[in-house]
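Peer 1: pasting a predicted model and its sequence here:
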Amino acid sequence: MNPGKIRRMARIEQFTSGEAQEYLKIARYYRSDYIGLHLIRNFFLVTIGYVLLIALYLLRNGVELLDTIYTRNLPGMAVGWIAGYVILLAVYTVLTYTVCSLRFAKAKKMERYLDHQLEKMQQKYEPDEVDGK
Amino acid sequence: MEQVWKFRRLCINVAEEYDFLFVPLLKFVVAFLAFSTINKEIGYMTMLDNMFILLALSLLSAVLPNMVMIMLAAVLLILQSYGVHLFACVFVVLMLLLLYIFLQRFSDKYSLLLILTPLAMHFGLAPVVAVAGGLLLEPVALLPICSGTLIYAIISVVAQCAATIHGVEIKEFTTVITQLLDSVMGKTDTVLLLIIMASVFLIVYALRRLSVAYSWQIALVCGAVAFLVLLMAGGFFMETSMTAGKMFPGILAAVLLGELLVFFCSGLEYTKTQRLQFEDDDYYYYVKAVPKIDGDYFDEDEEEEPEIQTSVRPERQSVKTQTRPGRQPVKAQTRPERQSVKTQTSEPVRPAQQDVQIDDLESRLEKAMQEIQE
């Protein structure tokens, strides 16, 4: 039994079975694919969220809105809603891009660490193989 | 004092050894409290207010991943709101979806805080979440804490309005939605609590990471004081039912629990701090090494200088690293240990908690190997 090998194997196992597992999945993507995928997902989620907000607003003020629909500036209101949506989408796009970039960087760092550990493990095996031959 | 440190070590060892028992047990207790609180707060669907159902759901939550507990709590909340009114149910579903879309989706970690925060707030222990979170967690934990605070506001709004909206006809849904939304908007307590909890969390987190002696204790005390001061200041500017007197037991509990966390999670002997200085080809290292306390440390001969292992790692004790003139300064951090002197600079950084577990594992393995060899 080689304590060094056991130690390193335990270290690798501990590393890959913990939080790193999720990050190692991320590291399999290309950066642009990973971030792009999340930006598309973000677009749909923010759109759904904004529709829900509008729905809540209409549920709360729908009757009042219908009563005063002829006196209201409907184009102005629509422009306001669209502007709100664009601003919200822009804010969340920046946020998603930042979060995904950070996650991807961390995932790559973890992948490098794992590669490093595996390389060292390989080095530990090589002398034994030579002896065996 | 030695006995105290040995007792600490014993507690940690027992917790580590029997975590397969303690973790599900704690999860069971948390789930049971959460489910019974939802039933007690709203409680219009009597079918769900059954001890057998509660125990079965809690048992499921105890053995399955945390996300199951959160989903079960959400389903229970939605069903109980449905018992109040169909549109109360619609309101709860919409609010939960909005919380997920705009807040919670950025934080997969610490999802259990979505249950623990409302539960703590129900028992008047909101300061405990902010202080303990700042001591133990990363800033990303603020998202589930804020979501949890808003979930508590949603539950309390539905519970408050339940008596008036229960039995209102479906066609008068605007009355129900208006009342619920107006109650949520008018909840200045929640807004104030959100601001206070976020501020206290960040204060505690920032102070805890400082490279000064007793940083955990300083962070704890400052967090508790900040909570009290912000609460009183908020009272001047906002209409709120929260008073310093009402929150005082919670703050006291936060300090007591914080002390426990400092005792078990920090465990540094600042009086034996060592300042080391060495260099390699590229850098000069100015290292402050603070030994960790455990039972074995005091078993060693006092005259014998304990050897210190310093490894460049991301958290805990900071190391000020200065470069040669003309080079880019690098900040490194270290976590001191006994046994040998070792500096790791080439390896990429790893999470500190994992390091601790791995090091424990390593030491156990080494002992086992020695025994085998003997």
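Peer 2: That came through, no problem.
Peer 1: so what does residue B:18 have for phi and psi?
Peer 2: Per-residue torsions, residue B:18: phi -110, psi 30 (degrees, to the nearest 10).
Peer 1: residue B:284 in helix, strand or coil?
Peer 2: The three-state assignment at residue B:284 reads strand, by DSSP: H, G, I helix; E, B strand; the rest coil.
Peer 1: which residues does it form beta bridges with?
Peer 2: residue B:279, residue B:322 (DSSP bridges).
Peer 1: hey, where'd the helices end up in the stretch 151-300 of chain B?
Peer 2: B:173-185, B:188-208, B:215-237, B:244-261, B:295-299 (DSSP state H, counting those that start in this stretch).
Peer 1: and those helices as CSV, adding mean pLDDT, mean neighbour count and distance to chain A?
Peer 2: All C-beta spots, glycine's among them, are computed from the backbone N, C-alpha and C. Converted to CSV, the helices of the stretch 151-300 of chain B look like this (pLDDT from 0 to 100; neighbours: other Cβ atoms under 10 Å in any protein chain shown; distance: least, Cβ to the nearest Cβ, whole Å):
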stretch, mean pLDDT, mean neighbour count, distance to chain A
helix B:173-185, 86, 18, 4
helix B:188-208, 93, 20, 17
helix B:215-237, 92, 18, 23
helix B:244-261, 91, 16, 21
helix B:295-299, 50, 14, 19
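Peer 1: turn those into a markdown table, including distance to residue A:22.
Peer 2: Below are the helices of the stretch 151-300 of chain B laid out as a markdown table (distance: least, Cβ to Cβ, whole Å):
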| stretch | distance to residue A:22 |
| --- | --- |
| helix B:173-185 | 34 |
| helix B:188-208 | 23 |
| helix B:215-237 | 29 |
| helix B:244-261 | 26 |
| helix B:295-299 | 35 |
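Peer 1: out of these, which comes closest to residue B:13?
Peer 2: With Cβ to Cβ, the closest approach to residue B:13 among those belongs to helix B:295-299: 9.0 Å.
Peer 1: residue B:263 contacts residue B:8, doesn't it?
Peer 2: Yes. Applying Cβ atoms under 8 Å, one finds residue B:263 in contact with residue B:8, separated by 6.5 Å.
Peer 1: near chain B, which residues of chain A?
Peer 2: Proximity of chain A to chain B (Cβ under 8 Å from any Cβ of the partner chain) is limited to residues A:1, A:3, A:6-7, A:10-11, A:14-15, A:18-20, A:22, A:45-46, A:48-49, A:52-53, A:55-56, A:59-60, A:62-63, A:92, A:95, A:99, A:109-110, A:112-113, A:116.
Peer 1: which ones among these are found in helices?
Peer 2: Taking DSSP state H as the definition of helices, those contribute A:3, A:6-7, A:10-11, A:14-15, A:20, A:22, A:45-46, A:48-49, A:52-53, A:55-56, A:59-60, A:62-63, A:92, A:95, A:99, A:109-110, A:112-113, A:116.
Peer 1: do you know how far residue B:65 is from chain A?
Peer 2: As judged by Cβ to the nearest Cβ, to the nearest Å, residue B:65 and chain A stand 13 Å apart.
Peer 1: do residue B:210 as well
Peer 2: 23 Å.
Peer 1: count of neighbours near that residue?
Peer 2: Residues near residue B:210, counting by other Cβ atoms under 10 Å in any protein chain shown, number 13.
Peer 1: look at residue A:27 and report its pLDDT.
Peer 2: We have a pLDDT of 88 for residue A:27.
Peer 1: lowest-pLDDT helix or strand in chain A?
Peer 2: Ranking every helix and strand in chain A by mean pLDDT, DSSP states H and E puts helix A:3-17 at the bottom, with a mean of 76.
Peer 1: just the buried residues of it, please?
Peer 2: Buried residues in helix A:3-17, counted by 16 or more other Cβ atoms under 10 Å in any protein chain shown: A:6, A:7, A:8, A:10, A:11, A:12, A:14, A:15.
Peer 1: where does the chain have low pLDDT?
Peer 2: Assuming you mean chain A. Residues of chain A meeting the criterion pLDDT under 70: A:1, A:126-133.
Peer 1: correction: the question concerned chain B.
Peer 2: By pLDDT under 70, the weakly predicted segments of chain B are B:294-362, B:364-365, B:368-369, B:371-374.
Peer 1: break it into its domains for me.
Peer 2: Using automatic domain parsing, the domain parsing of chain B gives B:2-266, B:270-373.
Peer 1: distance to residue A:72 added to these, as a markdown table?
Peer 2: Shown next, in a markdown table, are the domains of chain B (distance: least, Cβ to Cβ, whole Å):
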| stretch | distance to residue A:72 |
| --- | --- |
| domain B:2-266 | 18 |
| domain B:270-373 | 55 |
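Peer 1: quick one: closest of the ones you listed to residue A:124.
Peer 2: Comparing the domains of chain B by Cβ to Cβ, domain B:270-373 comes nearest, at 14.9 Å.
Peer 1: endpoint to endpoint, stretch A:10-26 covers what distance?
Peer 2: Length of stretch A:10-26, first residue to last, Cα to Cα, to the nearest Å: 23 Å.
Peer 1: check the offset of it from the chain's centre.
Peer 2: How far stretch A:10-26 lies from its chain's middle: 17 Å, per Cα atoms, centre = their mean, to the nearest Å.
Peer 1: neighbours of residue 110, how many?
Peer 2: Using chain A. Neighbours of residue A:110 using other Cβ under 10 Å come to 24.
Peer 1: hm, I was asking about chain B
Peer 2: Other residues near residue B:110 come to 20 when the count uses other Cβ under 10 Å.
Peer 1: what about the nearest residue to it once chain neighbours are set aside, is that helix, strand or coil?
Peer 2: Distances taken as Cβ to Cβ, 6 or more residues apart in numbering or on different chains place residue B:141 nearest to residue B:110, at 4.5 Å, with adjacent residues excluded. When classified by three-state DSSP, residue B:141 comes out as helix.
Peer 1: what's around residue B:158, how many residues?
Peer 2: So residue B:158, with other Cβ under 10 Å, has 27 neighbours.
Peer 1: the one 4 residues further on too?
Peer 2: Summarising burial for residue B:162: neighbours were counted as other Cβ under 10 Å, giving 19.
Peer 1: could I get the contacting residues of it?
Peer 2: By Cβ atoms under 8 Å, 6 or more residues apart in numbering or on different chains, the residues touching residue B:162 are B:42, B:44, B:84, B:88.
Peer 1: rewinding a little: looking at the helices of the stretch 151-300 of chain B, which is closest to residue B:107?
Peer 2: Residue B:107 lies closest, by Cβ to Cβ, to one member of the helices of the stretch 151-300 of chain B: helix B:188-208, at 13.3 Å.
Peer 1: now that closest one: how far from the chain's centre is it?
Peer 2: Put simply, helix B:188-208 sits 13 Å off its chain's centre (Cα atoms, centre = their mean).
Peer 1: other residues contacting that helix?
Peer 2: B:121, B:126-127, B:129-131, B:133-135, B:137-139, B:141-142, B:145-146, B:149-150, B:152-153, B:215-216, B:218-220, B:222-223, B:226-227, B:230-231, B:234, B:238-242.
Peer 1: mind doing that once more with 7 Å?
Peer 2: Contact with helix B:188-208 is made by B:126, B:129-131, B:133-135, B:139, B:142, B:145-146, B:149-150, B:153, B:215-216, B:218-219, B:222-223, B:226-227, B:230-231, B:234, B:238-242, as judged by Cβ atoms under 7 Å, 6 or more residues apart in numbering or on different chains.
Peer 1: and the helix or strand where residue B:35 lies, what does it pack onto?
Peer 2: According to DSSP states H and E, residue B:35 maps onto helix B:19-41. Here helix B:19-41 touches helix B:51-63, helix B:66-84, helix B:113-122, helix B:142-165, going by 3 or more Cβ pairs under 7 Å, 6 or more residues apart in numbering or on different chains; DSSP states H and E.
Peer 1: okay, now residue A:37: neighbour count?
Peer 2: Count around residue A:37 with other Cβ under 10 Å applied: 12.
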